[in-house]
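>>> 3D model of this:
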Amino acid sequence: MADPQSSKTHNFYFLIQIFLRILAIGTTVAAASIMFSNHQTTVVYGVQMKASYSYSQAFKLFAYVNIIALALSVLALLVVAFIIGRKPVNPTYYFLLFLHDLIITVLLMAGFAAAAAIGHVGKHGDSHAGWMPVCDYFGKFCHKTLVALILGFLATILYLILTVVSAKRSRQSEA
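This next block holds a predicted model:
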């Protein structure tokens, strides 16, 4: 006979996994779609200039990492729903889920860090390198980039939480 406490713990873990993964899917798809549609044309000192996410390798990395995280999040959601959701589960699944979450966390963190660094230079410039701030001229572009970065940071935090939850569950199932 199954332990009622163990069943409650399993159900709680299952619901937390589903909820956090759905939130992660939402934040990654929103961050990627905002970044992919981010462009603005303006006139600066009489010259027409265009800003686009595709002009920066860091912004492209950020957008593509969010798409990769989205695809892997959907895959993980299916694994959690159809394999982990069943009662008798091999403890190896929890460890593999932990590794999956850890890899996505690191990918999201790298993409976010690269894009945030370029965004900071765009906002504040770098007087030592002679780079002027551009957000005064491309306000819409910078605002959309900021929104995408906030969503990307939220996705990173969600995956960090998922990594901790998966690690804890992996350790519990070893005992």
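
>>> Counting neighbours, which bits of stretch 11-25 end up buried?
Residues 13, 17, 20-21, 23-25 are the ones in stretch 11-25 that count as buried (16 or more other C-beta atoms under 10 Å). In this view, the C-beta of every residue, glycine as well, is placed from N, C-alpha and C.

>>> Tell me the one among the residues you listed nearest to residue 57.
residue 24 (24.5 Å; C-beta to C-beta).

>>> Helix or strand: which one has that closest one?
Element membership for residue 24, per DSSP states H and E: helix 4-36.

>>> Show me what stretch 101-111 is in contact with.
Contacting residues not belonging to stretch 101-111 are listed as 28, 61-62, 64-66, 68-69, 72-73, 76, 152, 155-156, 159-160, 162-163, 166 [C-beta atoms under 8 Å, 6 or more residues apart in numbering].

>>> was I right about residue 77 contacting residue 25?
Yes - applying C-beta atoms under 8 Å as the test, residue 77 and residue 25 come out as touching, 6.9 Å apart.

>>> What does the pLDDT read for the most centrally placed residue in the chain?
Centroid-nearest residue in the chain: residue 155, 3.6 Å away (criterion: C-alpha atoms, centre = their mean). Note for residue 155: predicted pLDDT of 96.

>>> Could you check which helix or strand contains it?
Counting by DSSP H and E, residue 155 is part of helix 139-174.

>>> by how many degrees do that helix and helix 4-36 diverge?
160 degrees (axes from the mean of the first three to the mean of the last three C-alpha atoms, to 10 degrees).

>>> any idea how far helix 139-174 is from the chain center?
Distance, stretch centre to chain centre, for helix 139-174: 5 Å (C-alpha atoms, centre = their mean, to the nearest Å).
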